[in-house]
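>>> Show me the folded form of this:
(4 chains, ligands or ions: 4)
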Amino acid sequence: MKNTPSVEEQKEILRRMVLTRRLEEMLGDLAKQAKTRGPLHRCDGQEAVGVAACAVLNDDDYVCTSHRGHHVYIGKGMDPRRIVAEIMGRETGYCRGRGGHMLLGDIATGMLGGNAIVGAGIPAATGMALSFQVLKQDRVAMAVFGDGAAQTGICHESMNMAGLWKLPVIFLLENNQYGLTVRQEVQSPVKDLHIRAEGYGMPGVMVDGNDAVAVYRAAAEAAERARRGYGPTLIEAKTYRMEGFSTSDVGGYQPEEEIAQWRERDPIRIAAAALDELIGADEVARIEAAANIEMGAAFEQALADPLPVFETHAPSSAYSEISR
Amino acid sequence: MKNTPSVEEQKEILRRMVLTRRLEEMLGDLAKQAKTRGPLHRCDGQEAVGVAACAVLNDDDYVCTSHRGHHVYIGKGMDPRRIVAEIMGRETGYCRGRGGHMLLGDIATGMLGGNAIVGAGIPAATGMALSFQVLKQDRVAMAVFGDGAAQTGICHESMNMAGLWKLPVIFLLENNQYGLTVRQEVQSPVKDLHIRAEGYGMPGVMVDGNDAVAVYRAAAEAAERARRGYGPTLIEAKTYRMEGFSTSDVGGYQPEEEIAQWRERDPIRIAAAALDELIGADEVARIEAAANIEMGAAFEQALADPLPVFETHAPSSAYSEISR
Amino acid sequence: MTMMRYAEALNSALREEMQRDPTVFMFGEDIGRYGGVFKVSKGLMEEFGENRVRDTPISEQALTAMAVTAAMSGTRPVLEIMYADFMPLTLDALVNQASVFGYLWEGQVEIPFVLRTQGGGGVGTGAQHAKSLDSFVAHVPGIKVVAPVTPADAKGLLKAAIRDPQPVVFLEHKLLYNMRGEVPDGDDVLVTIGKAKVVKEGTDVSIFATSKMVLEAEQAARELAKDGISAEVIDLRTLRPLDIGAIMASIAKTHHAVVVNEGWTFCGFAAELSASIMDHCFDDLDAPVERVAMPDMAIPYSEPLETAMLPNAAKIAAAARKALA
Amino acid sequence: MTMMRYAEALNSALREEMQRDPTVFMFGEDIGRYGGVFKVSKGLMEEFGENRVRDTPISEQALTAMAVTAAMSGTRPVLEIMYADFMPLTLDALVNQASVFGYLWEGQVEIPFVLRTQGGGGVGTGAQHAKSLDSFVAHVPGIKVVAPVTPADAKGLLKAAIRDPQPVVFLEHKLLYNMRGEVPDGDDVLVTIGKAKVVKEGTDVSIFATSKMVLEAEQAARELAKDGISAEVIDLRTLRPLDIGAIMASIAKTHHAVVVNEGWTFCGFAAELSASIMDHCFDDLDAPVERVAMPDMAIPYSEPLETAMLPNAAKIAAAARKALA
Ligand SMILES: Cc1ncc(C[n+]2csc(CCOP(=O)(O)OP(=O)(O)O)c2C)c(N)n1
Ligand SMILES: Cc1ncc(C[n+]2csc(CCOP(=O)(O)OP(=O)(O)O)c2C)c(N)n1
Ligand SMILES: [Mg+2]
Ligand SMILES: [Mg+2]
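Residues are numbered from 1 along each chain as shown, chains lettered A, B, ... in the order given. Ligands and ions are numbered 1, 2, ... in the order given. Here you go, the predicted model:
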């Protein structure tokens, strides 16, 4: 079983992590200028989790994420320009502006999708895996969700069914140690949530969520298990959100020293350092620079795109009703 | 810590178990004669669980049970006549006929109450324990629920909060090995459900649910923990329902040999045998005979009681609304 | 035509659709080995195997959410929720998932699943197992809701629901399963979702109902006929989308209307019917629309109490007389 | 009188009731250390401690069920559900627990709890964080539902809700929290649940609304006045029990009615208003009641889309003109 990323894969993972970070930073800037709409949940510091885990999936494997899903959007190979366009409410966005940053969906890359009901991505991926199993397809579904989401009832119900039916699903618990504003010890009496896997008859593993290679390995192994019919895996990736809960967040609940400690372990620096040894620092710098430029261009294009007009967005086929 | 039932307690437990069994049998007979209304869920074979666990509680401790709660009703000290009256839809019943056999409630004995939404008794008891903790009262709440109920989302949410806040609650999982008609391995990938306790930071213990003394001990220990502020306990009592899911059940899914094996381990015979040694078989026989007579009288009285009339049951204070 | 029970009609719809389309599968509590507590899925696990007919744990909330995304991923799930009283547990999946993504991801996904359930009172199942919560599901955009009363409609609508690209909530009634009726033969006899049916023509007052209440309305019409009152009985069959055309046509003729629903009165489905008639038929009305629905209270267990509160033919007839007074 | 924001008015109601009654306690997501995402519970954990003000895990379903039984056991819980969009998760506890046991165990238990939540659109929170699902909760017997628009009513009704022996769902609106208004001083200034208020008297048409829609109705009335149309604006304040007397009195005067609700149209709360008017005021009506509510679709994110679909003053004014045409 191959479970270490090739050099090419590591380069691509780094590139996507940088794309994500740049996306977050530029959105943060626009938010400060009051040019965004609604809350934005940045994932700075968590890029390795979403990006490296998605790297083990195929286009026809599905992933469901949460309100904090930018790394998954980019990780699953979605087009930065159309992501930005959606977040900025443009007609050219993935959902023509209907979704916004939390509710993106793209069937082509299998990112289906963001979800702002905490926990809802968990049965979502489980249901997809059920469909794959019924159709006897060689496909895997993955749910990426938070430590807060792990306390919801649907998490329990979904994991129980996934374990029972040996569904091809990966539960990727992104433990960034906070719910919205509360620390994990205010949400759950146990520190390590992967220990719950035993109660669902599936393996539970813990990884360093700031180490892209470690995340890749764990996800690759879980995907392999799923494809072979051995069922689900719960992966708990310990990580940290460096920019707080959201742009509408007044902050103050994540201690400065804690943030500083985690900044030391910035996942992009860890991924870059690993690659430095393989391809040299110059090449790494080139990858990063190119990614930054690409995301800048995505913003430029997207911001020039038109906003939607209501007339073409009235309820239509999805809501077709005969007599009203 | 006292955790073995006294002889007097054992006598009372046996008496209540026999009362329960007789209740079930007489209801079964009436059901066969089409004299009952709606489904009835008999707990023959599970009497030790409800009766012995309730024996460790005080009147002001609350217990929440399920659709299959007759042993808890009797175990918590409710009056047989008013139980039967409620089940037979009489005005003299605990809920004046509004509740029926699944939804009895009696604040005086702290049986609050039956619940036919599977799993709902679990947050119910947890909420009561929360109230006790807020008011700093020396009271305990207990949820009695099935292996099927253990798969619901509210079970997870409740246990997580109970473990987190160290609530004075006992989770008594009555594992009779079947959901409605499906065996436990069709409902859950793990055989022993108490292992899940670890994920909620509480002890999980397993007991022989057909041995009243064993159930009493486990419940006494859990109640003690709860009262001392150490929080909840999950007790899994392995048992068996000898008369199937309900009176509207066509049966066929519990193998005959399995039923026969469990009949060998009838909890009433086990409790009686233990007492035989302590007080002699004659005394035991007298207790049983008296209980049978008492339940017979309860039926006689209750069946002579009047049915309610609608006029006195229209929505009133509980639903008081100003202008309609 | 074949004479069969309502439950058998549903069973044959499921069997035929599963034979026709390998992407159709079923899941729900006790539907497999046992064949469902109302025996609607009898024999289907034997015929189609455990992969396509699944017994599930008691997990309504996740099951419904899973049906939504399974439907987005190439299958056509048919989920059984044992009692309509448990619909609250399914609502997040309907309101915040199916309804949302059907519109937000329009053009990318279809969500062809059917949620079958049954409601209604009359047999002492108590306050948690006898409700009709029609308006909860009918309130959700992007969800269709049907509630057939005859075996023929049950079969034809279930087949149409399974083939529909949108989520369909299929409301059955526990007292209908043993009702018998003629069902057309042939694998492709569908009943169009969204079309009401005139069950009995009449000229004095229009009675609109669904599910078991259609039987009560028919009984009421027979009683009214004894007094020379000609009631038109319309089986709406579909709650959403509502066949407002059929409603308008009938009221244009009778100028009087009674709306019937077994659910609670306040904010219930009968309220929508009354409001829709207000919207579309005000000038045709000679009297206010009469609402016949459940009083706003929990359903008591004991027979005299339960019987007294359920909407029935007598209450419908009284309402019609009041409308005509 | 003190001038304060709506959020502050709620905060002071909570503080005063917690000071007054030691059995009142609060729980909900992020309400403690952080003071609530809308800052309604700011400072209360500091004042009352972690036993009586609790941050919770994300577990709406169990939290609501726990509130019900905690309320039966001697406390008066105030539960915050962060967004009204999550109400589906709370419905089993309301429909199958609180509503059922309030009636079945009448005389044995009271269920004095308050479920506070906030809904409404307008600021790009998207399809899962902008809905008004009023009719879901208003449908449930035994539950009271209030939705104040002014800081004074917010405070007075919240205090009344906390003291009420029945469950009360308290609906706030995300766009009201920063609105300022005069609030009467004094610890015992309650507003009676179930009483509507005439916000502006008028003679030509009655506009009925709750929560933020009252502001839109007032704006509509000002616009209509420019054309010489005298609109009466009634703030219902309570959705259930409905103050039908106030509705009847107004329609008896104006003979025309517009009903407004930010929730979806079909089976929404505006439908109940229209139906209630049908029941009680038919003979007084000169034209059909006009419904102004959300179109039946998920709420889109992008500003032009969201803005176009929300009910607002212009749509209310147009509806009033239509009623009077
Ligand atoms: C059902 C539900 N409850 C509450 C919320 C509000 N909410 C949004 S995100 C969040 C915290 C989620 O924590 P976690 O799952 O750890 O994700 P993180 O934000 O840390 O990535 C909460 C409470 C919601 N969106 N959905
Ligand atoms: C939420 C919900 N889902 C389904 C049902 C139908 N139902 C009633 S009892 C039952 C099985 C319960 O199994 P378990 O908890 O093991 O209890 P037991 O009957 O074995 O005592 C089911 C599925 C219900 N009442 N409530
Ligand atoms: Mg988190
Ligand atoms: Mg069981």
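>>> can you pull the buried residues of the longest helix anywhere in chain A?
Longest helix in chain A, counting residues (DSSP state H): helix A:7-32. Within helix A:7-32, the residues scored as buried using 16 or more other C-beta atoms under 10 Å in any protein chain shown are A:9-24, A:26-28, A:30-31. To be clear about C-beta, it is placed using only N, CA and C from the backbone, and glycine gets the same treatment.
>>> how about whatever helix or strand comes next after that helix, does it reach ligand 1?
Using DSSP states H and E, the helix or strand that directly follows helix A:7-32 along the chain is helix A:47-54. No: for a cut-off given as C-beta under 6 Å from any ligand atom, helix A:47-54 has no contacts with ligand 1; the smallest distance is 10.2 Å.
>>> Tell me the helices and strands packed up against the next helix or strand after helix A:47-54.
Counting by DSSP H and E, the next helix or strand C-terminal to helix A:47-54 is strand A:62-64. Under the contact criterion of 3 or more C-beta pairs under 8 Å, 6 or more residues apart in numbering or on different chains; DSSP states H and E, strand A:62-64 touches strand A:111-112, helix A:121-134, strand A:141-146.
>>> Tell me the strands beside the last one, with direction?
Same thing as strand A:141-146. strand A:62-64 (parallel), strand A:169-175 (parallel) (DSSP bridges).
>>> how about those strands in CSV, adding mean neighbour count and mean pLDDT?
What follows is those, written out as CSV (neighbours: other C-beta atoms under 10 Å in any protein chain shown; pLDDT from 0 to 100):
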stretch, mean neighbour count, mean pLDDT
strand A:62-64, 29, 98
strand A:169-175, 28, 99
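>>> Please produce a markdown table containing those, extended by distance to residue D:203.
What follows is the strands paired with strand A:141-146, written out as a markdown table (distance: least, C-beta to C-beta, whole Å):
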| stretch | distance to residue D:203 |
| --- | --- |
| strand A:62-64 | 56 |
| strand A:169-175 | 61 |
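>>> For residue D:230, which of those is the nearest?
Nearest to residue D:230, of all the strands paired with strand A:141-146, is strand A:62-64, at 53.9 Å by C-beta to C-beta.
>>> buried residues in the very next helix or strand once past that closest one?
Note on strand A:62-64: by DSSP H and E, the next helix or strand toward the C-terminus is helix A:70-75. Buried residues in helix A:70-75, counted by 16+ other C-beta under 10 Å: A:70, A:71, A:72, A:73, A:74, A:75.
>>> low-scoring stretches of the stretch 101-250 of chain C, by residue?
For the stretch 101-250 of chain C, no stretch has pLDDT under 70.
>>> Around the residue of it found nearest chain B, count how many other residues there are.
Taking C-beta to the nearest C-beta, chain B has its nearest neighbour within the stretch 101-250 of chain C at residue C:124, 3.4 Å off. Under the neighbour criterion other C-beta atoms under 10 Å in any protein chain shown, residue C:124 is assigned a count of 21.
>>> So it lies in a strand, does it not?
No: under DSSP: H, G, I helix; E, B strand; the rest coil, residue C:124 sits outside any strand and is assigned coil.
>>> ok, it touching residue B:89?
Yes: with contact defined as C-beta atoms under 8 Å, residue C:124 reaches residue B:89; the gap is 7.5 Å.
>>> Flag every residue of the stretch 101-250 of chain A that's near chain C.
The stretch 101-250 of chain A comes close to chain C at residues A:103, A:105-107, A:112-113, A:115, A:117, A:120, A:122-128, A:130-137, A:141, A:153-154, A:157-158, A:160-161, A:164-165, as judged by C-beta under 8 Å from any C-beta of the partner chain.
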